[in-house]
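Novice: Next comes the sequence, and after it the predicted model I'd like to discuss.
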Amino acid sequence: MLDSVLDNIPVTVPHNAAAELIFLAQQTAAKWGLPYSDNVESGLALIQQVSHLELRQLDEPKVGAVKVDFTSDALTFRRLHGGGKKESIARAIGLKGQDSLHVLDATAGLGRDAFVLASLGCAVDMIERSPVVAALLQDGLDRAAVDQQLSSWLPARMKLCHGVAKDLLINWQGIHPDVVYLDPMFPHRKKSAAVKKEMHLFQQLLGPDDDADQLLAPALNLAKKRVVVKRPAGAPFLANQKPHIEMVGKANRFDVYLTHL
């Protein structure tokens with residue numbers, strides 16, 4: 001099953017790493033329940049660098065590494081010039097006219113959508129079931145927490161919870177969110193050079209979310225205002241349930257299910 005595959009992704013270090021870096025990698029492996037090895041030559045691996053944690057396909061060097069970097073040029077530009085509350089995702093969650101909303105992102109991935117919402121004032125709880133992806137995401141959060149531009153607000157607005165989304169949605173122990181946001185992995189029908197490197201690695205690592213349909217019902221029970229599902233354009237509705245609102249874009253759409261009718 002999926003979890004056993006994920007458990008086999010090792011944490012490792014670059015060749016000739018210092019003892020301090022090896023110790024840090026071993027700590028990372030222990031924290032997320034992953035194996036540590038200092039001799040990994042092929043396959044997927046989490047590599048502990050001095051400055052960050054990254055995911056690599058060691059026998060496909062052209063693919064490049066994936067890391068979570070909330071200070072990247074792309075996210076910084078989007079944060080400063082991305083359209084603010086006029087962005088599609090902001091309109092989909094109902095942020096217009098609101099200073100803030102409490103959002104539960106139940107399929108957090110690399111946290112980019114959560115970061116956009118947090119930068120617009122939302123408090124975002126994130127769920128990620130993959131220990132590998134959760135390790136990358138927490139590494140990005142830790143570095144953002146000491147960044148000059150982000151440290152004053154990001155740590156208070158973005159929190160990570162590692163676990164299975166369906167179970168946590170059913171047994172959520174925190175404050176009920178205004179919005180539950182779902183962006184489950186969807187199978188791509190064809191290979192393309194345009195597929196981003198992280199998606200290429202994620203397809204190998206995770207595959208599609210076969211249990212995605214099971215998320216909608218508990219999400220609807222939990223959300224105070226709405227559930228928002230991000231889907232590829234042309235994809236079927238989650239659990240074959242028609243939303244109240246469809247916001248269709250070029251590549252994706254947001255299906256909005258209102259819970260306060």
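Specialist: Perfect, thanks for sending it.
Novice: All the helices of the stretch 101-250 of the chain, residue numbers only.
Specialist: Under the criterion DSSP state H, counting those that start in this stretch, the stretch 101-250 of the chain contains helices at 112-119, 131-144, 154-157, 165-170, 197-205, 216-222.
Novice: Can you tell me which of those is most buried?
Specialist: helix 112-119 (a mean of 24; mean count of other Cβ atoms under 10 Å). C-beta coordinates here come from the backbone N, C-alpha and C atoms, glycine included.
Novice: Give me the contacts around that helix.
Specialist: When contacts are defined by Cβ atoms under 8 Å, 6 or more residues apart in numbering, helix 112-119 is touched by residues 70, 75, 78-79, 82, 87, 89-90, 93, 95, 101, 103, 105, 108, 124, 126, 153-154, 157-158, 181, 183, 230.
Novice: in the stretch 51-200 of the chain, which spans are strands?
Specialist: Assigned by DSSP state E, counting those that start in this stretch, the stretch 51-200 of the chain shows strands spanning 53-57, 102-105, 123-128, 158-162, 179-182.
Novice: how far does the fourth one sit from the chain's center?
Specialist: Same thing as strand 158-162. 10 Å (Cα atoms, centre = their mean, to the nearest Å).
Novice: now that strand: mean pLDDT?
Specialist: Taken as a whole, strand 158-162 has a mean pLDDT of 97.
Novice: Stretch 215-225 now?
Specialist: Here the average pLDDT along stretch 215-225 is 97.
Novice: hang on, the earlier thing: hmm, which of the contacts of helix 112-119 are the buried ones?
Specialist: Buried residues within these, counting neighbours by 16 or more other Cβ atoms under 10 Å: 70, 75, 78-79, 82, 87, 89-90, 93, 95, 101, 103, 105, 108, 124, 126, 154, 157-158, 181, 183, 230.
Novice: Take the strands of the stretch 51-200 of the chain and write them to a markdown table, including distance to residue 251.
Specialist: Formatted as a markdown table, those follow (distance: least, Cβ to Cβ, whole Å):
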| stretch | distance to residue 251 |
| --- | --- |
| strand 53-57 | 24 |
| strand 102-105 | 19 |
| strand 123-128 | 23 |
| strand 158-162 | 25 |
| strand 179-182 | 17 |
